[in-house]
Every structure is written in C-alpha cells, then in structure tokens.
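# Sequence first, then the predicted structure:
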Amino acid sequence: MAKMRTVDAAVAILEKEGATEAFGLPGAAINPFYSAMRAHGGIRHTLARHVEGASHMADGYSRAADGNIGVCIGTSGPAGTDMITGLYAAQADSIPMLCITGQAPVAKLHKEDFQAVDIESIAKPVTKFAMTILEPGQVPGAFQKAFQVMRSGRPGPVLLDLPIDVQMAEIEFDIDAYEPLPVEKPKASRKQLEKALDLLTASQHPLIVAGGGIINAGASAQLVELAEILNVPVIPTLMGWGAIPDDHQLMAGMVGLQTSHRYGNETFLQSDFVIGIGNRWANRHTGGLDTYTAGRKFVHIDIEPTQIGRVFSPDLGIASDAGAALDGLLELARERQAAKTLPDYSGWVAECQERKGSLHRKTNFDNVPIKPQRVYQEMNKAFGKDTTYVSTIGLSQIAGAQMLHVFGARKWINAGQAGPLGWTAPAALGVVRGTPDATVVALSGDYDFQFMIEELAVGAQFNLPYIHVVVNNSYLGLIRQSQRGFNMEQNVSLAFENINSPETNGYGVDHIKVAEGLGCKAIRVENPNDLPAAFDKAKALAGEFKVPVVVEVILEKITNISMGVEINGVNEFEELAETAADAPTAILAKA
C-alpha cells in the first residue's frame, strides 16, 4: 500500500471513475486539492469566472454526451453556496454531476470560522447525496459512494465537502485495488411489459410520450425502433426532444402550454392511450390534469418508483430504467410483429402527419424591428441537422422550442425544470468541452445573457467556440407577458439611453462592446434580411478565432408568444401560417 494525501487519492479516483473534466475556481481552502490535480496531470481544469458559472459548465458537460460526469470545484463558504443553483438545475433534470468544496478545519466547524458554512445541510435538498468528510480515511469510500449514487436509479448531482486538514492528511491507499461500485437501476419484468403492450394494442389512437429518461439512458435508437415496429406516433417532452428526429414521420410534435407545437397538442387531444417512458408529467407539459387525462388510459414507466403516481395515478405504473424497458418492449414487439398480431395504425399515423403538415405558426415576417419568429426561421436555414442547441428560460426558449428543429438525442440541451437565468452561456461552454467537434448554438434573451455574461471570457481564454444568438427586446419578456393577467407592466423594462453607445437606440446594454471586451466576437443585426449573412459570418469567425461569437438580434420590444393554461386553450397571439410561404422552414410544408 502507498501512503499519500487524501486529495491525491481522490484525484486518482476521479480518473478511474472517468470524471476527468473539471470546472472551478481555486481558493485557500481547496488549494490542496488543486495541488493534487496539478501533480496528477490527468484532470483537465477550466477556470470559470464565477462558481455558479462553473457549476453550470459541469452540468452542460454532463448533458453533452452519454456517460459524461462534469466536476465542479470551489473553495469554502460562498463557493459552495454559489453552487446551489447549479446543483438545483442538475437535480431537477436528473443530471449526474460532482461538486467538490473546500472547508475550514474540522476542529473549527462549530466556531464560525472564516468562510465556514454548513454546506452539507444547505446542499442536501438539491442533491442525491451531500457529505462533509470529517475523517481522512473516509475519503476513498465517500468518493466511491458519490459516483455510485450519481449513476444509480434516477441520476443526479452530489456534493463532497473537504475540510482543509482532511485534505492534507495522509492515508494508505492503492488505486489498483479501487473498483467503482455497481450501478443499480430497476428493470421491468416481461410480465409488466406484456401488460403495458396489451393496453397499447387495445387502443385505437395510441401515443408514446418520450421523456428525458430515454436520453439519459442512451436509448433513443431503441425508442425509434419500437415506434417503427408498432407504427405508433411519438410525443417527446422538452427534455426528451431529439430522442426521435423532428423529421421522422412518427414524430408527432411536442405537447404543452408553452414549448409545444399546434399539431402536437391537437394530436394528443385525439389520442385514447398514452405510454410515458422516462418522463415526469411536468405541469408545463400537461396543463390542467382533467383536460390532459380525459378519455385516455395511461401507462407510466420511470426509473424512480416514487415518481409514478406523483402527478396523477396511471392505469399501470412500472419502475424501470427507460433503456431496460425499451429493450424489453422491443423484444415483445418483434415477437408480435412476427406473429402478425400487431394492430394497423397507419390511418392514425396519417392523421397525425396531416396535422403536422397543416397546423403551423407563421415565421416569415419582414418587420423592422425584427419579430422573433423570423430569427428561428433563419436559424433553421443556417444551422444543419448536426447542430446542438443550448437554452434555458424565457420567451426566447419558448419560441425557440416552438419553431426550431432538433434531429438527435442531446442536440437540445435545456435546463427544463429549474430554468435558471444565466445558465445558457456557461452550460454552452460545458457542452463545447463535452463535444468539441459539434456545432453548438446557444439561444438567450438579453436578460439571461446578462446574468453570467462574464463567462464569455472563459470561452475566449480556453478557445471554446460556439455561436450565441441573443434576441434582444430590452425586456423581461416572459415576465411582462405573465403580468398581462394583472393588468400591469411592472419592473420589466431593461431599456435606457446608453450614453456611451447611442447606436443601441435606447435598448440599453451594449452587448457588442461587452462581448468584445471579454475577448469574443460579436455582430448586431437590425434587419431580418441581414440574418443569413450574420449567421454565415458568425460561423466563419468561430472557426477562425476559436472563441464564442455573439449574434445580437434587435427585436421588437413587445411580442406575445403562444401559450395558455390548458393544452386545448393555447392563445395564438400572432398570425398563423396560411400558406407554405408563411412557414418556409416547417418540417412538413403546409399544403
């Protein structure tokens, strides 16, 4: 056995567990850990400008590819509390992520020592596991358990807090004798899946609701194959978007109050059976449960047993990893296909396709200032099927989800449940780290962009190129729209006359100067006809300089984006498409 510092053992464990990408900021109470990373050399570290930004980078890295686990590192006190929003975002969307904090010496934890905070207690509600390690000998086991917990069942983040004296202590440790603990995931039985398939095949208008659990399980291919064998349309949730490509004939659209397609909502309302796999029945997806559940039976398959029945009671609930359930359903479906006992749903599929080709929102506006719909139309033209989009919250995210197209798993990266402003830019940097050869395009409103704008410098310093589309209406647009119900417009305008940048014409912050000051490239667009050239230039600049490129689009200040409180009552504030020319980038051209 070799005698070494606990931090040297911990870094060796990170490498053996495959967590070799770290984001963070050093500080006095975590410097021993940083010295271990330097000595080891196998952990790549990206220096963030804010610890919350580092946590979102680690989150984005984890979401970027199957099996990734991002690591966020910070010192004691406020570094840990800064991580809480990042932990919440990861916990809410079932994302594995490891956060490591420094801490005051064990003997001073109860003495209100400088930057000594009980981060274990603070973090527990937004993690799967949080622990302040008080004994040096516990360090290997705590890291071992952390990785098992992160990966087992419903994935999620963990936090390990390391007092500085624990970091400096020496222990006996042999990395060759270390083995990761087995990952535990429930698996549906054949009998359970037979009952689920019996319920589906007894229906006339079935749907598969594909949740983010399918993407977490790396099971998108199985989903598509199952849908094809059964010939059953698929409704992806916002977190499951991309599990089936948008241009697949069985992709029937998204459902919900905001991030939804007109054809998706209408198809759902015509269904009589729904099998949800790896989804949560989130309230922005379902709207009112009486409307959502009326006239249809439900099967719910989820990796977390307590998730079943949390929102409403299904006709059949099955606790299972989404991948295991899809593998089992595929086996049964192939057997029934060979026996020719599967129903013919071709008429139902044709109905869904007809709606997909007819119920469009208009995107082809020529207004100046620019209407946001036109931005997404031009993004569809400019960016190919291999594009990975990153977004989090606001009218930009909602309208983007209504009008952009996604063609594969993990090509829509979104903080779906928590929706923290400022998440987009640092998460995009993490995605670039996780998929360095991908085309990454972030989408923000001006407020989301301003929240953590300093992280652009990280992209410049470490050559992490991506394109950040900022739709600027100098408003808290989603909040302004929600205030309509109160007949007010209170504290939601970001506009002011910028004495240093009169060219912003009252839109306030000069994002171009800020982005350039942080070492990035930036373009401002004020006419919709200039959007194609701007996107082409952005791609060229990102390729040449290897830094983030901001494309700021000056929007009309007030736009109400389609949304409602029931899936059968979404308000369409703008014109709808009447001809194919009104929505030229629709997946299916309007007849």
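Perfect, I can see it now.

# alpha carbons only for contacts and neighbour counts from here, please
Noted.

# how about the helices in the stretch 451-591 of the chain?
Counting by DSSP state H, counting those that start in this stretch, one finds helices in the stretch 451-591 of the chain at the ranges 456-461, 477-482, 511-517, 531-545.

# Can you report how many residues neighbour residue 492?
15 (other Cα atoms under 10 Å).

# residues in contact with the closest residue to it other than its chain neighbours?
Nearest non-adjacent residue to residue 492, counting by Cα to Cα, 6 or more residues apart in numbering: residue 476, 5.0 Å away. By Cα atoms under 8 Å, 6 or more residues apart in numbering, the contact set of residue 476 is 394, 447, 492-494.

# Show me which of the residues you listed has the smallest pLDDT value.
Among these, residue 492 carries the lowest pLDDT, at 78.

# Surely residue 398 is in contact with residue 257?
No: using Cα atoms under 8 Å, residue 398 makes no contact with residue 257, being 9.8 Å away.

# Against residue 378, how distant is the residue nearest the centre of the chain?
Closest residue to the average C-alpha location of the chain: residue 414 at 2.6 Å, with Cα atoms, centre = their mean. With distances taken as Cα to Cα, to the nearest Å, residue 414 is found 21 Å from residue 378.

# sec struct for residue 208, please.
strand (DSSP: H, G, I helix; E, B strand; the rest coil).

# Same question for residue 52.
Residue 52 ends up helix, using three-state DSSP.

# ok, so what distance separates it from residue 82?
Applying Cα to Cα, the value for residue 52 to residue 82 is 5 Å.

# Looking at the two, which is more packed in?
Neighbour comparison, residue 52 and residue 82: the larger count goes to residue 52, with 26 against 17 (by other Cα under 10 Å).

# out of the helices of the stretch 451-591 of the chain, deepest packed?
Of those, the one with the most neighbours on average (mean count of other Cα atoms under 10 Å) is helix 456-461, at a mean of 23.

# So what touches that helix?
For helix 456-461, the surrounding residues in contact (Cα under 8 Å, 6+ apart) are 46-49, 425-426, 429, 464-465, 515, 518-520, 546-548.

# averaged over its residues, what pLDDT does that helix have?
98.

# now swap in stretch 103-110 and tell me
Mean pLDDT, computed over stretch 103-110, is 88.

# Alpha carbons of that stretch, in CSV - could you do that?
Provided in CSV are the C-alpha atoms of stretch 103-110 (Å, rounded to 0.1, in the frame of the first residue of the first chain):
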residue,chain,number,x,y,z
GLN,A,103,-13.9,23.7,4.1
ALA,A,104,-12.5,25.1,7.3
PRO,A,105,-10.6,22.6,9.6
VAL,A,106,-12.7,20.1,11.3
ALA,A,107,-12.0,21.5,14.8
LYS,A,108,-13.3,24.9,13.7
LEU,A,109,-16.5,24.0,12.0
HIS,A,110,-18.5,24.9,15.1
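
# List the contacts of that stretch.
Contacts to stretch 103-110, defined as Cα under 8 Å, 6+ apart, come from residues 29-30, 75-77, 113-117, 134, 161-166.

# Filter those down to the buried ones, ChimeraX style.
Buried residues within these, by 16 or more other Cα atoms under 10 Å, are selected in ChimeraX with:
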select :29,30,75,76,77,115,116,117,134,161,162,163,164,165,166
